[in-house]
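In: coords please:
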Amino acid sequence: RQRKQATQLELSAARNILKSVDVVCTTCVGAGDELLEDISFAATVVDEATQCTEPGALIPLTKALSAVLVGDSRQLPATVVSRDAVEAGLQVSLFERMERLGVHVSLLDMQYRMHPSISEFPSLAFYGGKVSSAPKPEDRPIVAGVSWPRRNIPVAFVEISGPEKRAPDGNSLFNAQEAKTAIDIVKSLLAGGDLVGPGDIGVISPYAAQVRLLQEEYGAQGNQRRNFLDYTEEDKMNELEIRSVDGFQGREKEVIVLCTVRSNAGGGIGFVADPRRLNVGITRAKRGLIVLGNRETLSTNEIWRNWFKWVDKNECTVSDITNFF
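Out: Residues are numbered from 1 along each chain as shown. Modelled structure (predicted):
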């Protein structure tokens, strides 16, 4: 009886608080909680609206008289595991569907994260060259520890000739030479003394098997907490984050090392061909972007060919890996 009374008191207190505040923050599905059942809002703002499914976005929209959707359809959509759901169209967000139907989208045309050289290609390739950079080169000093091909451009492409292999579970791919090179690069960057710690670096890959191999190569497997929100500031500085590209959307680091994995005679690159995945992968870095991959394999795809044209134009290819360290 006392437990029931305590529960009722807690619910009553929560409702009183919700009725007295101006802003309520919740997930899309959380907006359907019974605590909000009798409350309506003047406006709903859905952040990362292109990363939630259409039914998920509809939940908060039913709670308000008007709505603003904030998102980027040029980046990765919601993760929908069911093939039937994908075929039914559930991987298309409400934001993207409205955009396809001709609803005007206002572009936020100033980026505040990247060194302007890092943002140059994404702006040209994905946003019609309309995105400008607030940071100036001096605001994002180039990181020591590696010999960048161009001293004033913190972008490097490192050629990997080693072949991709399929993981024992058969569901993912990895590239051993690429993993070893990536960790060598991380160690070189840390030895340069220009970063606070490993937490300033993100190593990302589209493939789960490569993420596992990178963690083993670095010796970090099993040390990472499941929930990034549980990290203290000290944890964040002392732990190298090795994650999937999809899991890194919305995140940023001083330096990003991107492992593309694909290296094969047939030129197949699977979902690495998705331009949205490339866009996410190369826009997480603030001061340095290093991409590892096999040019011949990746160049079978048009968007990657365009990226290599930009790399060649700016002379950003690492010609000698020994001198790079």
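
In: using the three-state scheme, assign residue 199.
Out: The three-state label given to residue 199 by DSSP: H, G, I helix; E, B strand; the rest coil is helix.

In: hang on, it packs against residue 241?
Out: Yes. With contacts counted by C-beta atoms under 8 Å, residue 199 reaches residue 241, the gap being 7.1 Å. In short, each C-beta sits where N, CA and C put it, glycine included.

In: what mean pLDDT does the strand or helix carrying residue 203 have?
Out: Counting by DSSP states H and E, the element that carries residue 203 is strand 201-205. The predicted model assigns strand 201-205 a mean pLDDT of 97.

In: tell me the helices and strands packed up against it.
Out: helix 176-191, helix 208-218, strand 241-244, strand 253-259 (3 or more C-beta pairs under 8 Å, 6 or more residues apart in numbering; DSSP states H and E).

In: now those in a markdown table, with distance to residue 12, mean neighbour count and mean pLDDT?
Out: As requested, the helices and strands packed on strand 201-205 are exported to a markdown table (distance: least, C-beta to C-beta, whole Å; neighbours: other C-beta atoms under 10 Å; pLDDT from 0 to 100):
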| stretch | distance to residue 12 | mean neighbour count | mean pLDDT |
| --- | --- | --- | --- |
| helix 176-191 | 53 | 20 | 96 |
| helix 208-218 | 46 | 21 | 94 |
| strand 241-244 | 42 | 20 | 94 |
| strand 253-259 | 44 | 25 | 98 |
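
In: the inter-axis angle of the strand holding residue 203 versus helix 176-191?
Out: Angle between the axes of strand 201-205 and helix 176-191 is 170 degrees (criterion: axes from the mean of the first three to the mean of the last three C-alpha atoms, to 10 degrees).

In: give me the contact list for strand 201-205.
Out: With contact meaning C-beta atoms under 8 Å, 6 or more residues apart in numbering, strand 201-205 is reached by 182-183, 186, 189-190, 195, 211, 214, 218, 240-245, 248, 251, 253-261, 281, 284-285.

In: apply 6 Å and report the result again.
Out: By C-beta atoms under 6 Å, 6 or more residues apart in numbering, the residues outside strand 201-205 that reach it are 182, 186, 211, 214, 240-243, 245, 248, 253, 255-259.

In: cool, and stretch 57-67?
Out: Looking at what lies outside stretch 57-67 - C-beta under 6 Å, 6+ apart - the contacts are 28, 31, 32, 40, 41, 42, 43, 44, 46, 94.

In: next, format those residues as TSV and append distance to residue 111 and pLDDT.
Out: Output for those, formatted as TSV (distance: C-beta to C-beta, whole Å; pLDDT from 0 to 100):
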residue	distance to residue 111	pLDDT
28	26	96
31	29	95
32	34	94
40	35	91
41	30	94
42	30	95
43	26	96
44	26	97
46	21	97
94	24	96
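
In: show me the helices in the stretch 1-150 of the chain, by range?
Out: Listed in chain order, the helices of the stretch 1-150 of the chain (DSSP state H, counting those that start in this stretch) span residues 2-20, 54-61, 83-87, 94-100, 116-126.

In: show me the contacts for residue 9.
Out: Going by C-beta under 6 Å, 6+ apart, residue 9 touches no other residue.

In: just the helices of the stretch 1-150 of the chain: most buried one?
Out: helix 116-126 (a mean of 20; mean count of other C-beta atoms under 10 Å).

In: quick one on the thing from earlier: closest to residue 312 among the contacts of strand 201-205?
Out: Nearest to residue 312 among the contacts of strand 201-205 is residue 258, at 17.9 Å by C-beta to C-beta.

In: against residue 129, how distant is residue 172?
Out: 35 Å (C-beta to C-beta, to the nearest Å).
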